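Student: heads up, no residue letters with this:
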DNA sequence: TGTATATGATACTAAAATAGTATCATTTGA
DNA sequence: TCAAATGATACTATTTTAGTATCATATACA
């Protein structure tokens, strides 16, 4: 079972890179090329990932010469759940559990109830992990 | 993200069916055909799943006429983690998290450390859910 | 104002994981 | 003996994930 997809993984790496660059006061605006050079990720794929982060207002993007991407939120305010939500949808350990016939009464299903509790713990823990905390 | 694969799902359904049949003192030995009729699962696929459960000593199997499958462990002693382990490997939310370059020092990685704690909670909770508890 | 250098958008292909089928071999009770 | 069951294994299909190709658009700056 793959808890994080590669989208999420690459997004985190890119954001961590950007966070470090920001701390060093190196640069605020970073290009896909910068990240690819440092992190050795597939360029076009990563580009789409950053575009998506821009759509979702995690990053701002600037086109044209001297363009690139910049944080819109501060790294300490970006949680890994935010990133997982963007690329994998909401974290839901209860889906696919005996869905359909066996569990016709979803709200009454004891497995579902237990899994919801587990899910809440997972989300709560993950919410405490920010890009900033990963970047140092 | 799919927390349980269909293997696991079908295995649980089959075991729940068997547990109910056992409670009713209906029958101890159940055929794949019995389960398929009741649960509407794909027969050959399910058969392989039950074979696997037999390999792993969750079930006993009997060939030939009047053959079928029977619990080896009692339903109250079969946890859903046992089933997930068989079909999906060990539950490990920490895998695929920034593996490789960014996390060269696995043991020092703060994300990994946190995820291990989360993982432990998940496993602990899931361990409390047995086939028996799902069958009633 | 032309052009190199960025991202935006979208369609496509490749690879891997998951789901499922087909089929023949073996065992066994009646 | 034979019908009814599992054992074993090879194959196919589907879905998800990963990644490429390509053209459009914007912009700094020589």
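Tutor: Done, it's in. These numbers were taken from a predicted model, which means no experiment stands behind them.

Student: for the nearest residue to residue A:23 once chain neighbours are set aside, give me the pLDDT.
Tutor: Of all residues not flanking residue A:23 in the chain, residue A:135 sits nearest, at 7.0 Å (C-beta to C-beta, 6 or more residues apart in numbering or on different chains). From N, CA and C alone the C-beta is placed, and that goes for glycine too. Looking at residue A:135, its pLDDT reads 88.

Student: residue A:135 contacts residue A:24, correct?
Tutor: No: at 10.5 Å, residue A:135 and residue A:24 do not qualify as touching, with contact defined as C-beta atoms under 8 Å.

Student: okay, those two: which has more neighbours?
Tutor: Applying other C-beta atoms under 10 Å in any protein chain shown to residue A:135 and residue A:24 shows that residue A:135 carries more neighbours, namely 18 against 8.

Student: list the contacts of the more buried one.
Tutor: Contacts for residue A:135 (C-beta atoms under 8 Å, 6 or more residues apart in numbering or on different chains) come out as A:16, A:19, A:20, A:23, A:75.

Student: do residue A:15 as well
Tutor: By C-beta under 8 Å, 6+ apart, residue A:15 lies in contact with A:53, A:58, A:75, A:78, A:83, A:131.

Student: secondary structure class for it?
Tutor: Secondary structure, DSSP: H, G, I helix; E, B strand; the rest coil: residue A:15 is helix.

Student: let me know the pLDDT of it.
Tutor: Note on residue A:15: pLDDT of 96.

Student: now swap in residue A:41 and tell me
Tutor: We note a pLDDT of 92 for residue A:41 in this prediction.

Student: tally of neighbours for the residue in chain A that DNA strand D sits nearest to?
Tutor: Of all residues in chain A, residue A:64 sits closest to DNA strand D, with a separation of 2.0 Å (C-beta to the nearest atom of the strand). Residue crowding around residue A:64 was assessed by other C-beta under 10 Å; the count is 6.
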